[in-house]
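K.L.:
Here you go, sequence then predicted model.
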Amino acid sequence: AKSLIKGDNKFIKINNGGWDTHVDNFTKLDNKLKEVDDALSALVLDLDSEGLLDTTLIALVTEFGRTPKINPKGGRDHWPCYSTVLFGAGVKGGYVAGETNKTASKVTKDPYTISDINATIAHLLGIEAEKERFSPTGRPFKVANKGEVIKDILA
């Protein structure tokens, strides 16, 4: 990823599959979380050591969360919440936005939406979030769909 960033690439997408933890959640996460933590921390430290982190935005985004309760198979099912971690260009380090209750079953403060996350990322990248664009199949969409920039996380 760093080599691509040092090149002329404006956007890099890395997928990391294997997060389906409907069965044996904790054993699977022991491996997956270490894998992501090792790779992401190495990338952040490497970019920072070369002065590239201030001009690079790293976004770790989930598509949904997992139920607070463990199912009978030792797994966790889909839950309509998600987490996002942003590093780098224009983001305060160590800042947490939003809050849930003790079991993470309910948002208790600042219920941000994926549209707000998209608006924030677009703002940090200098992309006009409400401009109508078209998917490869011709479907019209807007990056943020009326989302609001989460100003508290901006450096």
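P.N.:
It's in. Being a predicted model, the structure only gives us computed values, none of them experimental.

K.L.:
next one: phi and psi at the residue nearest the centre of the chain?
P.N.:
By CA atoms, centre = their mean, the chain has its centre lying nearest to residue 61, at 2.2 Å. For residue 61, the backbone dihedrals (degrees, to the nearest 10) come out as phi -130, psi 140.

K.L.:
Quick check: bridge partners of it?
P.N.:
Beta bridges link residue 61 to residue 84 when assigned by DSSP bridges.

K.L.:
what ranges do the strands span in the protein?
P.N.:
Ranges of strands in the chain, per DSSP state E, are 57-61, 65-66, 78-79, 84-88, 99-100, 107-109, 132-134, 140-142.

K.L.:
Might you calculate how far the third one sits from the centre of the chain?
P.N.:
This points to strand 78-79. 16 Å (CA atoms, centre = their mean, to the nearest Å).

K.L.:
got it, and stretch 86-97?
P.N.:
11 Å.

K.L.:
44 is where my numbering starts, stick with that
P.N.:
Happy to do that; since the first residue is 44 now, the last one works out to stretch 129-140.

K.L.:
got a list of contacts for that stretch?
P.N.:
With CB atoms under 8 Å, 6 or more residues apart in numbering as the test, stretch 129-140 has contacts from 83, 87, 90, 96-103, 153, 155, 163-164, 167, 193, 195-198. C-beta coordinates here come from the backbone N, C-alpha and C atoms, glycine included.
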